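> Need the 3D shape of this:
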Amino acid sequence: QGHRRRNTIIDQKALVAALELNSVDTLRAAHREWIDGSLQGDTSAREEKWSQSIAVGSAEFTQKVQAALGTQGRKRDIIESDNGYVLRETEESYGPVFAGKNGYIASKNVHF
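Down below sits the predicted model:
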């Protein structure tokens, strides 16, 4: 059996360096701990910046994502958050089309 190559969208070596860890194995172990810790906490809580944003990161990163979206990127807003920047849909993007329906959908999109 041959060794299967894993495709990733994250440069793990760069992430290891940015987090000042020793190795990819250390990163994997830390990641498991972070996930386990999150699962033991309040599972109904979510962070809006991750769940409702197109991109989260530095000003430079969010600007690059906005530019990569081309004309669609111009319709998105870059907002400064507590720990960086987020690229989000504008509030107006869905207002006229789904006015009056968003509340109904949101109330059904809940898991207790």
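> in the chain, what spans have low per-residue confidence?
By pLDDT under 70, the low-scoring segments of the chain are 1-8, 42-46, 49, 51, 91-112.
> Tell me where it has helices.
If DSSP state H is used as the criterion, the helices of the chain fall at 12-18, 24-40, 48-51, 59-68, 95-98, 102-108.
> Wait, Arg76 touches Gln52, no?
No. With contact defined as CB atoms under 8 Å, Arg76 and Gln52 do not form a contacting pair (12.0 Å). Where you see a C-beta, it was placed from the backbone N, CA and C, and this is true even at glycine.
> Name the residues contacting each of those two.
Common contacts of Arg76 and Gln52, defined by CB atoms under 8 Å, 6 or more residues apart in numbering, comprise Arg88.
> among the helices of the chain, which is the most enclosed?
helix 59-68 (a mean of 15; mean count of other CB atoms under 10 Å).
> Can you name every helix or strand that that one contacts?
With contacts defined as 3 or more CB pairs under 8 Å, 6 or more residues apart in numbering; DSSP states H and E, helix 59-68 has these neighbours: strand 55-57, strand 76-81, strand 84-89.
> returning to what we had before: and the helices of the chain: which comes nearest Leu87?
helix 59-68 (4.5 Å; CB to CB).
> so the closest one versus strand 76-81, what angle?
Angle, helix 59-68 to strand 76-81, by axes from the mean of the first three to the mean of the last three CA atoms, to 10 degrees: 170 degrees.
> can you list contacts of helix 59-68?
Outside helix 59-68, the residues touching it (CB under 8 Å, 6+ apart) are Ile54, Ala55, Val56, Gly73, Arg74, Arg76, Ile78, Glu80, Gly84, Tyr85, Val86, Leu87.
> Among Arg76 and Gln52, which residue is more densely surrounded?
Arg76 (20 against 11; other CB atoms under 10 Å).
> could you list every residue that touches the more buried one?
For Arg76, counting by CB under 8 Å, 6+ apart, the contacting residues are Ile54, Gln66, Leu69, Leu87, Arg88, Glu89, Thr90.
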